[in-house]
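1. just need the structure, nothing else, for what follows:
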Amino acid sequence: MIWALCLDRLQDEMPANLFGMWIRPLQVEENDTTLRLLAPNPFFRKHIAEKYLDRIRLLAADFSQGRVTDVSLEVGTTFVRLEEPRRITPPPLPSPALEQPKSSLNEGSTFANFVQGKANQMAYAACQHVVAKPADAGHNPLFLYGATGLGKTHLMQAVGHALLAAKPSARVLYLTSEKFVGGFVSALQRGAIEDFKKSCRTLDLLLIDDIHFLAGKGASLEEFFYTFNTLLENRGQIILTSDRYPKEIPDLDEQLKSRFSWGLAVELEPPDLETRVGILRKKAEIKGLDLPKPAALFIAQHIQANVRELEGALNKVIAMANFQRKVIDIDMVRNALKDILAVRARQVNIDSIQKVIAEYYRIPIRELTGHKRLRIYARPRQIAMALARELTGDSYPDIGLAFEGRDHSTVMHACEKVEELRKLDKEIAEDYHNLIRLLHG
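-> Okay, the predicted model is just below:
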């Protein structure tokens, strides 16, 4: 298929984050002479037309040897809309104001308490945009995705706090997907399903955490589908979080995957060293503690996976400082975290990965980490980056630094490329398996 060839070339040419954000969500209908691109919304279509459409047309003509002469771009979807025979239109709002829902927002999850960095700055900017322009088509729904403990819940709740501060009468509701399912089942059992529908479908802002847990939930998923559509039609803002990109959520209805891509999907990555230091000092400040920068730096260098682990380590340090009634310094931090540091010392790190791979492929480490693009060096280098990401949990920027300061987008592309090659090339899949065995051995 011509579009599949275009995708491969664009993925090689573009930074991984931009490819995932703008090209991957496109749907396509093609035949021998035409390529019809379908964007999820007008904002998306305008951006693709301005930035990428000319290149797509050139690639389509090239790969089809001139057969494809018509490449069009419009707003739409290839999926057929589900029939809604049981859908009940919510009654019109009564003149008195509806009862304010309990938003369940965490008081500390505000923009003021959120530390920005390269790994989350785009998500932060998107959330600020939602506060300034709720229900803007280009950001509705706003879909935040990434690994556990990177600040997705904090950011989505910060939007709720900011909207309530600007408009106290706003109807804001935060739920985990489990609570949505629980509320739906309870309403069915109590015969109060209409009240449940009204409470969800008349909101100004709906925040659903861990939406991937709704996959395969049958009736609850169907109810969310109708709630989702009703809120968008009524210009209510929706923010969702997940551990992965919408179209990569298994067992989720294809129509919901498509709808989740209508607005803007933004990934949060593990924080880099500077951001981790900032997070630690902000958390300490909130707890009324002065955390010296050298101590914060030491913690940040050894705890790299996510914000929750950082906070857990900080809590251990604070507990020891309170017990010993001493000022925090590096010696105290090292003593408080000795168990964590001992475990980490036994774990795989980037240095050990580089050494094992250099020996396995019989290439010098300087070439493995260097900039030569010969395949004998480039492919092991990509595998090393992918293994570093999988086995250490280090952030993309931190991995890039270990490979002579490469950009985080280069590391992301390497990880995606290796994942793809493992599915297509048995030899690479076998190498990958052998290397993991060697590293864990």
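2. just give me the residue closest to the centre of the chain.
-> Note on the chain: the residue nearest the mean C-alpha position is Tyr145, at 2.2 Å, using C-alpha atoms, centre = their mean.
3. so it makes contact with Ile249?
-> No. The criterion here is C-beta atoms under 8 Å, and Tyr145 misses it with Ile249 at 9.2 Å. From N, CA and C alone the C-beta is placed, and that goes for glycine too.
4. quick one, helices of the stretch 51-200 of the chain?
-> Using DSSP state H, counting those that start in this stretch, the helices found in the stretch 51-200 of the chain span residues 53-63, 121-132, 152-166, 177-190, 193-201.
5. what mean pLDDT does stretch 368-381 get?
-> In this model, stretch 368-381 has a mean pLDDT of 92.
6. same check on stretch 233-249?
-> Stretch 233-249 comes out at a mean pLDDT of 89.
7. got the CA positions of stretch 57-72 in CSV?
-> The C-alpha trace of stretch 57-72 is given here as CSV (Å, rounded to 0.1, in the frame of the first residue of the first chain):
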residue,chain,number,x,y,z
ARG,A,57,2.0,14.3,-2.1
LEU,A,58,5.6,14.0,-3.3
LEU,A,59,6.1,10.7,-1.5
ALA,A,60,2.8,9.3,-2.8
ALA,A,61,3.7,10.2,-6.4
ASP,A,62,7.2,8.8,-6.0
PHE,A,63,6.2,5.5,-4.4
SER,A,64,3.3,5.0,-6.9
GLN,A,65,5.6,5.9,-9.8
GLY,A,66,3.2,8.7,-10.7
ARG,A,67,-0.1,6.7,-10.6
VAL,A,68,-1.4,8.6,-7.5
THR,A,69,-2.3,12.0,-8.9
ASP,A,70,-4.9,13.1,-6.3
VAL,A,71,-4.0,13.4,-2.6
SER,A,72,-6.8,15.1,-0.7
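8. go through it and flag the buried ones.
-> Using 16 or more other C-beta atoms under 10 Å as the test for burial, stretch 57-72 gives Arg57, Leu59, Ala60, Ala61, Phe63, Ser64, Val68, Val71.
9. how about Ile48, secondary structure?
-> helix (DSSP: H, G, I helix; E, B strand; the rest coil).
10. how near is it to Val28?
-> 12 Å (C-beta to C-beta, to the nearest Å).
11. which neighbours do the two share?
-> Common contacts of Ile48 and Val28 (C-beta atoms under 8 Å, 6 or more residues apart in numbering): Leu37.
12. for Met332, list the residues it contacts.
-> Ala295, Val317, Met320, Ala321, Gln324, Lys326.
13. which residue packs closest to the last one, ignoring adjacent ones?
-> Pointing back at Lys326 there. Excluding the flanking residues, the one nearest Lys326 by C-beta to C-beta, 6 or more residues apart in numbering is Met332, at 6.3 Å.
14. quick check: what element follows the helix-or-strand element of the chain with minimal mean pLDDT along the chain?
-> Using mean pLDDT, DSSP states H and E, the weakest-scoring helix or strand in the chain turns out to be helix 16-18, at a mean of 69. Under the assignment DSSP states H and E, the closest C-terminal helix or strand after helix 16-18 is strand 27-30.
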